[in-house]
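In: Kindly generate the corresponding structure for this input.
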Amino acid sequence: MRDGKQRTVDASIGEMPQNVASEEREAAPGSGKTANALGMQLLPLDPQLRRELKVPKDVNGVVVGQVASGSPAGDLGIQPGDVIVSVDQKPVASPENAATQLKQAAAQGNVLLLLNLTG
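Out: This is a model prediction of the structure:
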């Protein structure tokens, strides 16, 4: 369902690269390279991750790097390598932007996510 109308979308299934969940992606504190929200580590969708995850060129957003077990994101089945495209129908531009939008939506009690699933 989208805007009260039923839509059909195509999905493809592929193997997720192992290094997304296990690889340490270090960033200086406050550099804006990573952010955390709802038990997820959020990473920028850089060209290297786009290739590794086989994310289509027309998909933009942030990559879920890690998901804490027992977290709200983990309970929803969100997995490392998934790409968050929008939160509450607003596109996400960076990990910090996505984290802010996720926290605001969670504070209101509902979070509407558009995901590009890789796993």
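In: contacts and neighbour counts: CA atoms only from here.
Out: Noted.
In: ok, what's across the strand from the residue nearest to the spatial centre of the chain?
Out: In the chain, the centroid-proximal residue (CA atoms, centre = their mean) is residue 84; its distance is 3.1 Å. Note on residue 84: beta-bridge partners by DSSP bridges are residue 62, residue 115.
In: Verify the contact between it and residue 61 for me.
Out: Yes. Contact criterion CA atoms under 8 Å: residue 84 and residue 61 qualify, at 5.4 Å.
In: My reading is that residue 42 is in a strand; is that accurate?
Out: Yes. The assignment for residue 42 is a strand, going by DSSP: H, G, I helix; E, B strand; the rest coil.
In: list the contacts for it?
Out: 34-36, 62-66, 95, 98-99 (CA atoms under 8 Å, 6 or more residues apart in numbering).
In: Strands - which of these land there?
Out: Among the contacts of residue 42, the ones falling in strands (DSSP state E) are 35-36, 62-66.
In: which one of these sits closest to residue 109?
Out: residue 36 (18.3 Å; CA to CA).
In: hang on, the earlier thing: dump the contacts of residue 42 to a markdown table, plus distance to residue 8 and pLDDT.
Out: Below are the contacts of residue 42 laid out as a markdown table (distance: CA to CA, whole Å; pLDDT from 0 to 100):
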| residue | distance to residue 8 | pLDDT |
| --- | --- | --- |
| 34 | 33 | 88 |
| 35 | 32 | 91 |
| 36 | 31 | 90 |
| 62 | 24 | 96 |
| 63 | 24 | 95 |
| 64 | 25 | 94 |
| 65 | 28 | 93 |
| 66 | 29 | 92 |
| 95 | 28 | 95 |
| 98 | 26 | 94 |
| 99 | 28 | 93 |
